[in-house]
Every structure is written in C-alpha cells, then in structure tokens.
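Colleague: Need coordinates for the following:
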Amino acid sequence: MTPNDSLSRRERQILDIVYRLGRAGATEVQSELPDPPSYSAVRATLRIMEDKGHLRHRKEGPRYLYEPTTSLRKVRRSALQRVVETFFDGSPEDTFAALLELPDSKLESDELARLEKLIREARKKGR
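Modeller: Okay, here's the model as predicted:
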C-alpha cells in the first residue's frame with residue numbers, strides 16, 4: 001500500500017505535513033493543520049495512519065515522532081501513474097503535452113536540457 005491510498009482528506013493533510021517536515025510529533029502536525037482538531041484527535045489519527053501502514057513512529061524521550069513509510073519519490077511516481085492511466089489513457093506523450101500546455105509551465109533552458117537528456121536515455125533503453 002502506498003501513502004495516499006485509502007486516506008481521508010484530513011489524513012492526506014497530515015501526511016503532506018509529515019512529508020514536508022520529514023518527521024513530526026502530534027504538536028507539530030496540529031500546529032500546521034488548517035482548522036486543527038484537538039491534540040488527542042491528531043494523536044488518534046496518527047495512530048490510525050500508522051495502523052494503515054502510512055506512517056511509523058520513533059520514540060524520542062517522551063514524544064513519538066512520525067515519519068512516512070514510503071519515500072516521497074515512490075509516492076509521486078505512484079500518484080503520477082494513476083493520473084496518467086486515469087486521465088490520459090496511459091499515454092505519457094499526452095500527459096507531457098498537457099503539462100507543457102499549462103499556463104504557468106515556462107521551462108528554463110537547464111530544465112529543457114534535462115528533459116532532452118531524459119528523452120535520449122529513454123530512447124537508448126527502448127522506452
């Protein structure tokens with residue numbers, strides 16, 4: 001199971017916070033949440049997310065610090081794969097074209113060079 005699978009809106013918010021901070025206790029999570037619930041509700045949600053396999057904790061002194069169980073890179077890939085399959089019929093070309101057509105998608109020359117390099121490498125690998 002990857003993070004973001006079977007998560008409520010609040011759980012996704014919490015997971016986003018933990019990814020951004022790297023690891024966090026209930027107090028840090030609560031302070032970052034919009035319209036935050038009680039401290040005990042945040043702790044309960046963190047435990048539920050741990051039971052679901054999205055987070056793990058380490059005890060540091062009296063505190064539990066939570067961190068994601070899956071790297072952000074893997075989560076991004078999984079999410080992007082679902083978007084490509086769902087909205088672009090599995091076509092990376094159509095996905096990439098849509099990204100380039102976004103109004104704020106101005107690419108710098110170094111970014112274009114990196115994309116060209118990735119395309120060359122993909123061709124060599126037969127993708």
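
Colleague: Could you list the low-confidence segments of this protein?
Modeller: With pLDDT under 70 as the threshold, the chain has low-confidence stretches at 1-5.

Colleague: Now do the helices in it.
Modeller: 9-21, 26-32, 39-51, 72-87, 92-101, 109-124 (DSSP state H).

Colleague: Quick check: buried residues in the fourth one?
Modeller: Across helix 72-87, burial judged by 16 or more other CB atoms under 10 Å covers Val75, Val84. In short, each C-beta sits where N, CA and C put it, glycine included.

Colleague: That one vs helix 92-101, what angle?
Modeller: Counting by axes from the mean of the first three to the mean of the last three CA atoms, to 10 degrees, helix 72-87 lies at 100 degrees to helix 92-101.

Colleague: Specify the angle between helix 72-87 and helix 9-21 in degrees.
Modeller: With the same axes, to 10 degrees as the criterion, the two stretches helix 72-87 and helix 9-21 enclose an angle of 140 degrees.
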